[in-house]
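> Need coordinates for the following:
(4 chains)
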2 protein chains.
Amino acid sequence: MGTIYDLAKITGFSITTVSKALNNYSDVSEKTKAKIVQAAADMGYLPNAHAQSLSTKRSWTIGVMFSEANEVGMMHPFFNAIIESFRKATEQQGYDLIFASRNLRNRDMSYLEHFQHRAVDGIVVICSDQMDKHVQELIQSSIPIVVVDMDSTDCSVVFSDNLSGGTLAVNHLYELGHRLIAHIAGDMTIDAGLARIEGYKQAMDRLALPIPDGYLINGGFFSVEEGKQAMQMLLALPKRPTAVFVAGDQMAIGAMEAIHEAGLQVPHDISVVGYDDIEMSKYVTPKLTTVRQDTERIGQHAAELLIEQIVNKRRVMTTDIIPVDLIVRQSTGPVKP
Amino acid sequence: MGTIYDLAKITGFSITTVSKALNNYSDVSEKTKAKIVQAAADMGYLPNAHAQSLSTKRSWTIGVMFSEANEVGMMHPFFNAIIESFRKATEQQGYDLIFASRNLRNRDMSYLEHFQHRAVDGIVVICSDQMDKHVQELIQSSIPIVVVDMDSTDCSVVFSDNLSGGTLAVNHLYELGHRLIAHIAGDMTIDAGLARIEGYKQAMDRLALPIPDGYLINGGFFSVEEGKQAMQMLLALPKRPTAVFVAGDQMAIGAMEAIHEAGLQVPHDISVVGYDDIEMSKYVTPKLTTVRQDTERIGQHAAELLIEQIVNKRRVMTTDIIPVDLIVRQSTGPVKP
DNA sequence: CATTTCACCGAAAGCGCTTTCGATAAATTT
DNA sequence: AAATTTATCGAAAGCGCTTTCGGTGAAATG
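Model prediction:
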């Protein structure tokens, strides 16, 4: 592989000139530039990123952190899709992603510390947990940052339009004739969960629909199992809802399972609409009607926001809300007469 | 944040002593060690990873590469689960994962080059594509490496026991009375696909079951859509199979969809068993009988294998085969009389 | 008391690269 | 022909850290 010293020796130029040639400086002649570049290619020279970073204070890396109450991390299809599109976008600009832990050899340190240690150029946090101390610490730091799926005025954030998502779902059910519409919510400590609740409430209110006791139920942290349990509670209600808006697809899948286990049919007896549009949604039975989040756009946009801060060397605090779509499939139908 | 120079100034010791104190060298007294460590804590000192790497030739990073014919990368639940368990295991040892692209700023380079540039300590490749030039290049290099889900004698590999997986599936179906057992295979360029085909063939052979024309069908690269199409071919056969072993859960889900769309029932008319046991498998309808791959163990084991090579500074070429389990759910049932 | 051992510390070189600031020779202008 | 630009190059410092190799004074040994 070799270093610029080797290159200098081979070509007969100084390391300064070699470095300049490789970095296409204007004060080295085309002729020597060509020679050096050729020699570099011949020996398979590659610059050492660490040396470069040390010298330029620019590492071309972006730290990524997951913070979630339910600890699913990369495993959740929604977050996973976002990070994937984020990766594509940043990669194209020459950045590499680094997943840092809180563990530095023996030592235990915060994410911020770890990212500082690694000297990342920026940080993306895929987050649903407002209360996470690490996230707060990151936001308060001076490193360029963008956080996804959480609300904050202290940094750039990008998330889906959860408010109208809730409305979209409720209105759809209303148009199908449903009046008894329940909501299996995400935990209120999670912004997305809260906003969807709000969307649900507002929509119900606008439609002059009451929200009976027990119709707004906490489904916790978006897992299939929790969705199932919440649905069981709903089914046990004296006045059973005819439709339910579920704050996440996985929970919705759990809810449908609960409904089926109770011997009822979706959507014949109960309609359900989910949230996210994870890939599986169109393959479960019945295919899930859901509010699609545009993960592609969220990831891409987060990348742009972050890179802009990195290159302009100034923090920016925007909050960008990405529109959502209602995808009507087969888990919703007209209310039984 | 500060550097060891600042620490030296503050404490009055030389940078040598500061460095030694921080690294717990034995030739610095407990007293001064304490002073220095205290000062470091006070100023929130953190070592610069790039400087450390430059000086020690050890970056405490592991490069990860995905290589797949279908380009789903991190999005595939199976690979995703593996990388997650891999991450947990390496993280615990102090390594960070870096996802490198092939794009270095303007320059286009190979993965190997990129990893060399980043000076990673080791590489993990999550791979199903034997033919990938980049993968071959990585394997031929001298960097410690482990590859998952592919077979090779030139490096450490770890993958599931696909052979007996196929057998497990076929035997299960046989015991249920099925004799017309088809196989929707993964592409033969993919080791896992090939091995499962082999397992299927061997099992059929042992059971003295013929494999009628068209019963072994290529499902391509494991997507839902391809599974669906393959199943449609199967359904169009003059002598329809009563059971089908599908080389991947996503394909199996597609296959079930095709069956349902044809107006048939799983498992009443046709039994299907999948492969992987992705999370969704237990939530589709009917719940999928499948061969579970132990992603937890695969990732963990790959991590151990890689780290061992890193610390011992010698390449190791083992091939570790992780056992699989048959998970019987509801997509398989006795053959119709 | 002279000598050896030991505990503790620091100078200096090196890791591979960038970047400032001069220096030199050639080209251009008066 | 003298003065000024311009083009091209290199010395050297610096980025933040590790590690070898000596050097000192104090303790232990004879």
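
> For the stretch 1-150 of chain A, which segments count as helices?
With DSSP state H, counting those that start in this stretch, the ranges of helices along the stretch 1-150 of chain A come out as A:4-11, A:15-22, A:30-43, A:49-56, A:77-92, A:111-118, A:133-140.

> what's the closest of these to A:L173?
Smallest distance to A:L173 across the helices of the stretch 1-150 of chain A (C-beta to C-beta): 22.2 Å, for helix A:77-92. C-beta: built from backbone N, CA, C; applies to glycine.

> Which neighbouring elements make contact with that closest one?
Using 3 or more C-beta pairs under 8 Å, 6 or more residues apart in numbering or on different chains; DSSP states H and E, the elements in contact with helix A:77-92 are strand A:61-67, strand A:96-99, strand A:122-127, helix A:295-312.

> Turn those into TSV, columns for distance to A:A34, mean neighbour count and mean pLDDT.
Output for the helices and strands packed on helix A:77-92, formatted as TSV (distance: least, C-beta to C-beta, whole Å; neighbours: other C-beta atoms under 10 Å in any protein chain shown; pLDDT from 0 to 100):
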stretch	distance to A:A34	mean neighbour count	mean pLDDT
strand A:61-67	31	24	91
strand A:96-99	29	22	94
strand A:122-127	35	26	92
helix A:295-312	30	20	97
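
> So which of the ones you listed is nearest DNA strand D?
Smallest distance to DNA strand D across the helices and strands packed on helix A:77-92 (C-beta to the nearest atom of the strand): 15.9 Å, for strand A:61-67.

> out of the helices and strands packed on helix A:77-92, which comes closest to B:A51?
Proximity to B:A51 (C-beta to C-beta) singles out strand A:61-67 among the helices and strands packed on helix A:77-92, at 15.0 Å.

> Can I get that closest one in CSV, CA atoms only?
Taking Å, rounded to 0.1, in the frame of the first residue of the first chain, the C-alpha atoms of strand A:61-67 are listed here in CSV:
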residue,chain,number,x,y,z
THR,A,61,-17.9,9.8,9.1
ILE,A,62,-21.4,10.2,10.5
GLY,A,63,-22.3,8.7,13.8
VAL,A,64,-25.6,6.9,14.1
MET,A,65,-27.5,6.3,17.2
PHE,A,66,-30.7,4.4,17.9
SER,A,67,-32.7,5.3,20.9
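
> Centre of the chain to it, how far?
On the basis of C-alpha atoms, centre = their mean, to the nearest Å, strand A:61-67 sits 11 Å off its chain's mean C-alpha point.

> quick one: is that strand near chain B?
Yes: using C-beta under 8 Å from any C-beta of the partner chain, strand A:61-67 reaches chain B at A:T61.

> Please report the distance of A:Q232 from A:I298.
Look at A:Q232 and A:I298: by C-beta to C-beta, to the nearest Å, they are 32 Å apart.

> cool, and A:D276?
To A:I298, A:D276 is 12 Å away according to C-beta to C-beta.

> now swap in A:F79 and tell me
In terms of C-beta to C-beta, A:F79 sits 10 Å off from A:I298.

> ditto for A:F245
Distance from A:F245 to A:I298, counting by C-beta to C-beta: 21 Å.

> Contacts made by stretch A:50-61 with the rest, please.
By C-beta atoms under 8 Å, 6 or more residues apart in numbering or on different chains, the residues outside stretch A:50-61 that reach it are A:49, A:94-98, A:118-121, B:48-51, B:53-54, B:59, B:98, B:105, B:119.

> ok, which stretches of the stretch 151-300 of chain A are helices?
Assigned by DSSP H, counting those that start in this stretch, the helices in the stretch 151-300 of chain A fall at A:162-175, A:191-206, A:224-235, A:249-261, A:295-312.

> Helix A:77-92 and the fourth one, what's the angle between them?
Same thing as helix A:249-261. Orientation of helix A:249-261 against helix A:77-92 (axes from the mean of the first three to the mean of the last three C-alpha atoms, to 10 degrees) gives an angle of 160 degrees.

> How about the second one?
For helix A:191-206 against helix A:77-92, the angle between stretch directions is 120 degrees (the same axes, to 10 degrees).

> Kind regards, and thank you for your time.
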